[in-house]
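**Student:** Following is a predicted model, sequence given first.
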Amino acid sequence: MRADLSLDRFSPTRRQALLGGAAAVLTAGAGREARAAAGTVVVSNWGGDWNQRTVRFVETPLVEAQGLTVVRDLGMEPERKAKLLAERRLRRGSIDVIHLNDSDGFEMMKQDVLADLDRSRIPNYGDVVPALRKDYFVPWLYSGVVLIYNKDKIKDPPKSYAELWDKKWAGRLGLTNQLYFNYMMMSGLIQGGNMTSVETGRERLVALKELVQPRLYAAHQQLGAALATGEVDIALNYKARGLQWIGEGSPLAIQYPKEGAIAITFGAGMPKRAPNPDGAYVYLNAMLDRKAMAELAAASFYAPANGAAELSPELRARIDFSPEEREHLNFPDYAYVSKNTAEWLEWWNKTMAR
């Protein structure tokens, strides 16, 4: 499934500029709302460096500085989603904002967990790239799954996902369990030519396990360390992670796959049972702050969903995709992923992660 993500859609148009101006006018109102939203805002998020950057660029300077106390509920998304599902019949839940990827956001919306958002209470939403907007979700950052390799050891890197099914990568390929759903869609893409062929792609993943014996890591950080120490020479992960590890000094390079990278968008939503909706809206608006998004992009190397983020041309060219690469990004079929992701995780844990 492909989406039209041309340069025009990822550059501020005149209409977006006008919206941005209107958002600036509304900022004073947002400030009054922030002052009114006293108390705590409970935020469900991933841990590790992802949370550290969230705290540094959004929560401390833009939320807590306005008088709200952020209470962090950190963990992996399956457990955090399960908690929301368990609370959906309660009169009042325990989470005000939940960080999710786009597929999980769709799933939670279909499960009647996430509220439709009042965009008038999120003035910065006017800057969001139109192709990424959703009624129930604040898109924040995006990237795509690419080939990341040690350029000192690999002089002729694979040009496609499919080329990894080769004995020469035995013991040299690193994967992370965090991206199980991306790997399953990738295998389906290779096998069936689309993002809804995971069933036919499973056998190919089993063949990869038998042929290449990839090393599996619990999280991005462990995979990055394995690349840095030479424990593995090549990995499948987000472009943003590859750029981050390059920035940390690892001798890595990035190859865009000829099948087209599998796209991922991260963002947040507000549960219907949020105990502090006022605080949630303050938080969601802060996530899209132009300056904060630029600083976050520079630190994380994810491309911002805010088309008006104050990035230098050099940084934007580095972290984003070229027009041709954007044209070939593969966006998930969210309904398909939502229907199958729980079963995929069970299969992955039983078959691949053992």
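**Tutor:** Arrived safely, thanks for sending. The model shown is predicted, which means the values in this text are computed figures rather than measured ones.
**Student:** Going by C-alpha atoms from here, please, whenever you check contacts or count neighbours.
**Tutor:** Fine.
**Student:** So which residues of this structure form helices?
**Tutor:** Assigned by DSSP state H, the helices in the chain fall at 14-36, 48-54, 77-87, 102-110, 180-192, 198-212, 220-229, 239-247, 277-287, 290-300, 313-319, 323-327, 334-351.
**Student:** So for Val128, which of those helices sits nearest?
**Tutor:** helix 14-36 (8.4 Å; Cα to Cα).
**Student:** center of this structure - which residue?
**Tutor:** The centre of the chain sits closest to Phe266, judged by Cα atoms, centre = their mean, with a distance of 3.2 Å.
**Student:** Next, work out how far apart it and Val138 are.
**Tutor:** Using Cα to Cα, to the nearest Å, Phe266 is found at 9 Å from Val138.
**Student:** and what of Glu79?
**Tutor:** Distance from Glu79 to Val138, by Cα to Cα: 21 Å.
**Student:** And the two? Which one has more around it.
**Tutor:** Val138 (29 against 11; other Cα atoms under 10 Å).
**Student:** show me what contacts the more buried one?
**Tutor:** Tyr125, Gly267, Ala268, Gly269, Leu284 (Cα atoms under 8 Å, 6 or more residues apart in numbering).
**Student:** try Asn177
**Tutor:** Leu216, Tyr217, Ala218, Ala219, Ala353.
**Student:** pLDDT value on Thr27, please?
**Tutor:** At Thr27, the model reports a pLDDT of 38.
**Student:** Emit the PyMOL select command for whichever of the contacts of Asn177 are buried.
**Tutor:** Here is the PyMOL command that selects the buried residues among these (16 or more other Cα atoms under 10 Å):
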select buried, resi 216+217+353
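**Student:** In TSV, list the contacts of Asn177 along with pLDDT.
**Tutor:** Below are these laid out as TSV (pLDDT from 0 to 100):
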residue	pLDDT
Leu216	97
Tyr217	97
Ala218	94
Ala219	92
Ala353	92
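**Student:** Asp49: which of the contacts of Asn177 is nearest?
**Tutor:** Closest to Asp49, out of all of these and judged by Cα to Cα, is Ala219, at 11.0 Å.
**Student:** quick one: Ala292 and Val58 touch, right?
**Tutor:** Yes: assessed by Cα atoms under 8 Å, Ala292 is found in contact with Val58 at 6.5 Å.
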